[in-house]
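Asks: sharing a sequence plus its predicted fold:
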Amino acid sequence: MNSTTPLDDEARYRALCAHDARFDGRFFTAVTSTGIYCRPICRVRTPRRENCRFFEHATQAEQAGFRPCLRCRPELAPLDRHWSTEDASAILVQQASRLLDAPPSWLDPATEGAAMGLLAARLGVSDRHLRRVFGSQLGVSPLQYLLTRKLLAAKQLLADTAMPVSQIALASGFASLRRFNAAFLERYGLNPTQMRRGQTATTTAGADGCTGDVRLAWRPPFDAVSLLNFLASRQLPGVEQVDPDALSLLRTLQLTVAQRVHTGWLSVRLVPDAHHLVLRVSDGLLPVLPSVIWRVREVFDLDADPAAINATLHTDFPEGDGLRVPGCFDGFELAVRAVLGQQITVAAARTLATRLLDRFGTPLVTPAGVLNRLFPNPHTLATADPASLGELGIVRQRQAALQALARAVVDGSLELDGRAPVEQTVQTLQGLPGIGPWTAQYIAMRALRWPDAWPTGDVALHHALRLGHLKGNAAVREAALQASRWQPWRSYAVVRAWAGTLHPTPLKALP
């Protein structure tokens, strides 16, 4: 069965019988005889065909009265991303669902009743239009979609951590413990404590100061080693340690959620045979675990649908089917490093970033001795003495770019994460001194998680496309023309070209 073919119910049932991980998160199977819905990979006895109903989204299954399976745990499935470039309604729904899938840090739980109005305003449409489009595209309302996301996030915390229920309620985006308990009971027929007793995950604290193992799934194929090699070549000492051989990553992190600063560290271990990774976080990050999970999903591009991407790119990149677009843990950090890396090698950019970290980073004590610093925050760089930046070997043009970037983040005129509007953010970035189209598109690709970014003028891309005979604007135009056949997945084409899968000779990746 071709995983790119639109699925009918018979195809879904065949995928269910095969426990095919390529379809994980692309649909859910509800069993009428049990009242439970599952992922395609669930290892319980396969239900009879006449007892199965199929849904594209967990929200649809729950609205139909089904409860999530406690064994395969639908909250662990990769999210389903449908990217459209032509249908206005589909584009609106994909933008809205991306915001609703993210942790609710952009939405104050105290204003829960006005949530959809805030979402509609953020998207530039009316509340009524948003509800109408959501209903026509998904068959559920945005509020129903949001409630399912919050409940599934809470279910994951109940299973994988020892966090108190009251803390889980707030971390999942509920305004109060009372509302949390009521929603859980109404949707699942259990209160949160009963749900926790029904889970089998271990939530005991370890000697390393972490609590619980959180599993996050992906759809195969996934070239874990290549992604970790990409991150390893850019790692900063004291902030991160990446080991491609051990398929692991350690990282310090600082998050500000609801005007509170949380600091700590995390570890990630990839398990390719099981198509998932295992995340552990230190106690300092537990209150914002949903935000950490969201960032890990973006760093490792866990929600990518290789079948859809490879249907467009495989012919030109036959050896790149498992490559993902590496994300970042912090958009501001990524943008700073992109500015530092303009027109120099990866190694030189890493040297400058290390100097910046040593001068302006914040010390952090962790049980892992290799992790001891936090990357400088926007306020620190916005107020830094330009002379002190110059002492690090950063030229004046890049000093101005770094400080303009930091001030824009501090004053709120610039967001640098997967929730930000892409076109507006790219325009804002290019309006800052020292940031041109290449840098803005690179940031869009890795920090904004835009699958169709195209870093104009990239030398490695021109090399991969064999445009050495063209110069200047002629090369730029020809590259854009050739890349048009890769839309809407040009970000993935860029990563594959940098990896050398379009060209027999490995190419030198840019920072």
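Replies: The structure has been received and is ready for your questions.

Asks: would you list every one of the helices in the stretch 301-450 of the chain?
Replies: Secondary structure of the stretch 301-450 of the chain, counting by DSSP state H, counting those that start in this stretch: helices at 306-313, 331-340, 346-360, 378-382, 386-390, 396-410, 422-430, 437-446.

Asks: again with the stretch 151-300 of the chain
Replies: 165-171, 177-188, 192-198, 224-232, 289-299.

Asks: let me have those helices in a markdown table, extended by mean pLDDT and distance to A453.
Replies: No exception for glycine: its C-beta is placed from N, CA and C like everyone else's. Below are the helices of the stretch 151-300 of the chain laid out as a markdown table (pLDDT from 0 to 100; distance: least, CB to CB, whole Å):
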| stretch | mean pLDDT | distance to A453 |
| --- | --- | --- |
| helix 165-171 | 92 | 31 |
| helix 177-188 | 94 | 38 |
| helix 192-198 | 82 | 40 |
| helix 224-232 | 97 | 16 |
| helix 289-299 | 95 | 14 |
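
Asks: give me whichever of those helices is most buried.
Replies: Stretch with highest mean neighbour count among these: helix 289-299 (a mean of 22; mean count of other CB atoms under 10 Å).

Asks: contacting residues around that helix?
Replies: 79, 101-105, 153, 156-157, 161, 163, 171-173, 214, 216, 231, 253, 255, 257, 266, 268, 277, 279, 281, 285, 302-303, 326-330, 417-418, 449 (CB atoms under 8 Å, 6 or more residues apart in numbering).

Asks: how many residues are close by the spatially closest residue to D301 that is not a sequence neighbour?
Replies: Excluding the flanking residues, the one nearest D301 by CB to CB, 6 or more residues apart in numbering is R324, at 3.7 Å. Neighbours of R324 under the rule other CB atoms under 10 Å: 24.

Asks: before we move on, back to that, got the helices of the stretch 151-300 of the chain as JSON lines, with distance to V133 columns?
Replies: Output for the helices of the stretch 151-300 of the chain, formatted as JSON lines (distance: least, CB to CB, whole Å):
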{"stretch": "helix 165-171", "distance to V133": "30"}
{"stretch": "helix 177-188", "distance to V133": "24"}
{"stretch": "helix 192-198", "distance to V133": "33"}
{"stretch": "helix 224-232", "distance to V133": "34"}
{"stretch": "helix 289-299", "distance to V133": "24"}
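
Asks: relative to A311, which of those helices is closest?
Replies: helix 224-232 (20.3 Å; CB to CB).

Asks: which residues does T312 contact?
Replies: 485-487, 489 are the contacts of T312 under CB under 8 Å, 6+ apart.

Asks: from W450, how far off is it?
Replies: 16 Å (CB to CB, to the nearest Å).

Asks: what's the answer for L190, then?
Replies: 39 Å.

Asks: who has more neighbours, the two?
Replies: When neighbours are counted by other CB under 10 Å, L190 and W450 differ, and W450 comes out ahead with 23 against 15.

Asks: now do the contacts for the more buried one.
Replies: Contacts of W450 by CB under 8 Å, 6+ apart are 422, 444, 491.

Asks: switch the cut-off to 10 Å
Replies: Shown in contact with W450 (CB atoms under 10 Å, 6 or more residues apart in numbering): 83, 325, 418, 420, 422-423, 425-426, 441, 443-444, 488, 490-491.

Asks: kindly report the same for C38.
Replies: Contacts of C38 (CB under 10 Å, 6+ apart): 16, 28-31, 44, 46-47, 52, 61, 66, 68-69, 71-74, 77.

Asks: what's the burial count for the closest residue to it other than its chain neighbours?
Replies: In this structure, C38 finds its nearest non-sequential neighbour in C69, 4.3 Å apart by CB to CB, 6+ apart. Neighbour count of C69, defined by other CB under 10 Å: 19.

Asks: again, but for Q95
Replies: With other CB under 10 Å as criterion, Q95 counts 18.

Asks: separation between it and F134?
Replies: Q95 is 11 Å from F134, by CB to CB.

Asks: longest strand in this structure, by residue count?
Replies: Assignment by DSSP state E gives strand 260-271 as the longest strand of the chain.

Asks: report the buried residues of that strand.
Replies: In terms of neighbour count (16 or more other CB atoms under 10 Å), strand 260-271 has its buried residues at 262-270.

Asks: average pLDDT for that strand?
Replies: For strand 260-271, mean pLDDT rounds to 96.

Asks: circling back: which among the contacts of W450 count as buried?
Replies: Counted by 16+ other CB under 10 Å, the contacts of W450 give 83, 325, 418, 420, 425-426, 441, 443-444, 488, 490-491 as buried.

Asks: pick out the lowest-pLDDT one from those residues.
Replies: W83 (66).

Asks: now do the same end-to-end measure for stretch 61-74.
Replies: 11 Å (CA to CA, to the nearest Å).

Asks: distance between that stretch and the chain's centre?
Replies: The chain centre lies 23 Å from the centre of stretch 61-74; the measure is CA atoms, centre = their mean, to the nearest Å.

Asks: kindly report the same for stretch 434-453.
Replies: The answer for stretch 434-453 is 15 Å, by CA atoms, centre = their mean.

Asks: equivalent analysis for stretch 73-90, please.
Replies: 13 Å.

Asks: could you pull out the buried residues of that stretch?
Replies: Applying 16+ other CB under 10 Å to stretch 73-90 flags 73-81, 83 as buried.

Asks: one more: stretch 242-261?
Replies: So stretch 242-261, judged by 16+ other CB under 10 Å, has buried residues 242, 244, 247-255, 257.

Asks: export those as a markdown table, with columns for distance to A406 and pLDDT.
Replies: A markdown table is the format used below for the buried residues of stretch 242-261 (distance: CB to CB, whole Å; pLDDT from 0 to 100):
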| residue | distance to A406 | pLDDT |
| --- | --- | --- |
| V242 | 26 | 98 |
| P244 | 32 | 97 |
| L247 | 34 | 98 |
| S248 | 31 | 98 |
| L249 | 26 | 98 |
| L250 | 26 | 97 |
| R251 | 21 | 97 |
| T252 | 19 | 98 |
| L253 | 18 | 97 |
| Q254 | 15 | 97 |
| L255 | 17 | 94 |
| V257 | 20 | 85 |
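
Asks: noted, bye for now.
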